[in-house]
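# The following block contains a protein sequence and its predicted model.
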Amino acid sequence: MGKHRKAVERPSRSGPAALFAKLRIDSYILALLVTVALASALPARGPTATACGELTTVAVGFLFFLYGARLSFAEAIDGLRQWRLHTLVLASTFALFPVLGLAARPLVPTVLSPQLYAGVMFLCCLPSTVQSSIAFTSIARGNVAAAICSASFSNVLGIVLTPALAAAFLTTKLNAHSSIIGPLADIVVQLLLPFIAGQLLRRWIRGFMSRHKKILGLVDRGSILLVVYTAFSEGVVSGIWHKLSPANLGIILGVDAILLAAVLCSTTVLARKLGFARPDEIVIVFCGSKKSLASGIPMATVLFPATTIGLTVLPLMLFHQIQLMTCAWLARHYAAKVQNDDNLDTAGPRNQKPVKPLEVSMSTAANGSAALPPAMLRRIGEFD
């Protein structure tokens, strides 16, 4: 006679951890909020602030070196044949978003303060994300290879276009000085040169980065946390929280949500009007609607005065969480529609050709971007 084994009951999670898991709040956003709280309670002052500023300069350069080493420019070039798709994604990222940002200008100063509006406009000038764009496209069963190319194009062009757009629409270090040589040199030295160096060295360090992906990920995220701590420390010393109320936070959340909804609807309608197949529509929707937190925060430290960075990046931090939660739902919605269509095709006539599964490049599979389970959605945006 066999003995019946009692099922081991796993203890259910309770408290804040269970609440965060239920709400699907991005863990990295929580780390950023803790860093902001730390900077508010214990801001860096005097020699400590100076040291943090020097470390931040090094961290920003290292971050863009890693971004350059991670992006496969060869894959981006291979995807040039889908120029209509990539053009629409780039137009959404660097044209539609800024136009919507300009449309929000009448909200100043009755609804948005000038500094918060500057944060919204800066958000509109940023490139798309890489990891989450590819991951959500994969989950939605879209064209993953095209998503890799579009996200790569967006980030490469963003090194130049984001500072240019920010200087055109906002007061930055580039247009606030009588001479732009100094601020322009900072952009070249801290952003462009490290990025190019990462691209040039990629073939030799790719294996090392792959083997030490977790450690480099921690360094990556830790560097951004250092940048946030330094920026908000400067803001706290200059009285940032006296300029912000709970009502302001609610307004920023509302503006961010409307902005994302407008872009999602616009990209969906345009993709269908222009006759793109559903896998390509998915790429256009996901790659064209996201903004990179990982690129935005370091860029802000180079483009804006230290005392204004805290309020400038706040709309971006909130937008990051909204886009992750919204696109997680949307990716599952697309996947369900594709599954239903596959079921209908399977039940159709016998002589009907079966639908081929989406082809995913080997490099995508190696990077862990393909076929990500929904349980990993909360971790998708950690590098974006």
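That came in fine, so what should we check first? Numbering: from 1, shown residues only.
# Tell me where the model's unsure across this protein.
For the chain, the stretches with pLDDT under 70 are 1-26, 75-79, 174-183, 342-383.
# So for it, the centremost residue is which one?
Ser292 (2.6 Å; C-alpha atoms, centre = their mean).
# Spatially nearest residue to that one, not counting backbone neighbours?
Thr129 (4.8 Å; C-beta to C-beta, 6 or more residues apart in numbering). Just so you know, the C-beta spots here come from the backbone N, C-alpha and C atoms, and that holds for glycine as well.
# Next up, the contacts around that neighbour.
By C-beta atoms under 8 Å, 6 or more residues apart in numbering, the contact set of Thr129 is Ala151, Lys290, Lys291, Ser292, Leu293, Ala294, Gly381, Asp384.
# now do Met299
Counted by C-beta under 8 Å, 6+ apart, Met299 has contacts Leu126, Thr162, Pro163, Leu191.
# Select from the residues you listed the one having the most neighbours.
Leu126 (28 neighbours; other C-beta atoms under 10 Å).
# What separation do you get for it and Val144?
23 Å (C-beta to C-beta, to the nearest Å).
# Kindly report the same for Phe62.
Relative to Val144, and taking C-beta to C-beta, Phe62 is found at 28 Å.
# Tell me which of these two has more neighbours.
Neighbours were counted for Phe62 and for Val144 using other C-beta under 10 Å; Val144 has more, 26 against 17.
# I figured that one hits Ile134, correct?
Yes - between Val144 and Ile134 a contact is recorded at 6.4 Å, counting by C-beta atoms under 8 Å.
# secondary structure class for Lys291?
coil (DSSP: H, G, I helix; E, B strand; the rest coil).
# Give me the nearest residue to it, chain neighbours excluded.
Leu126 (4.6 Å).
# For the one you found, grab phi and psi.
phi -80, psi 160 (degrees, to the nearest 10).
# Pretty sure Ile297 is one of the things it touches, is it not?
No - Leu126 is beyond contact range of Ile297, at 9.9 Å (criterion: C-beta under 8 Å).
# can you give me the helices in the stretch 201-350 of the chain?
213-237, 246-273, 278-287, 293-303, 309-346 (DSSP state H, counting those that start in this stretch).
# circling back: name the SS class of the residue nearest to Ser292, please.
Thr129 is classified as coil under three-state DSSP.
# Roughly how far does it sit from Ser233?
From Thr129 to Ser233 the distance is 27 Å (C-beta to C-beta).
# Then Val283?
Taking C-beta to C-beta, one finds Val283 at 39 Å from Ser233.
# Those two: which is more packed in?
Taking other C-beta under 10 Å, Val283 and Ser233 do not tie; Val283 has more neighbours (32 against 27).
# What residues does that one make contact with?
Leu85, Val89, Thr137, Gly142, Asn143, Ala146, Ala147, Ser150.
# Might one say that the first one is in contact with Phe276?
Yes - in this structure, Leu85 sits in contact with Phe276. The criterion is C-beta under 8 Å, and the distance is 6.8 Å.
# who touches both of these two?
Ile284.
# Of the two, which one has the most company?
Leu85 (25 against 19).
# To what extent is Ile282 buried, counted in neighbours?
30.
# now it, nearest residue through space, not along the chain?
Gly142 (2.9 Å).
# for the one you found, what are its contacts?
With C-beta under 8 Å, 6+ apart, Gly142 has these contacts: Arg278, Pro279, Asp280, Glu281, Ile282, Val283, Phe286, Tyr334, Leu358.
# and it, helix, strand or coil?
Applying three-state DSSP: Gly142 is coil.
# Not counting stretch 158-178 itself, show me its contacts.
64, 93-94, 98, 101-102, 118, 121-122, 125-128, 180, 182-184, 186-187, 191-192, 195, 292, 295, 299, 302-305.
# for it, the distance to its chain's centre please.
20 Å (C-alpha atoms, centre = their mean, to the nearest Å).
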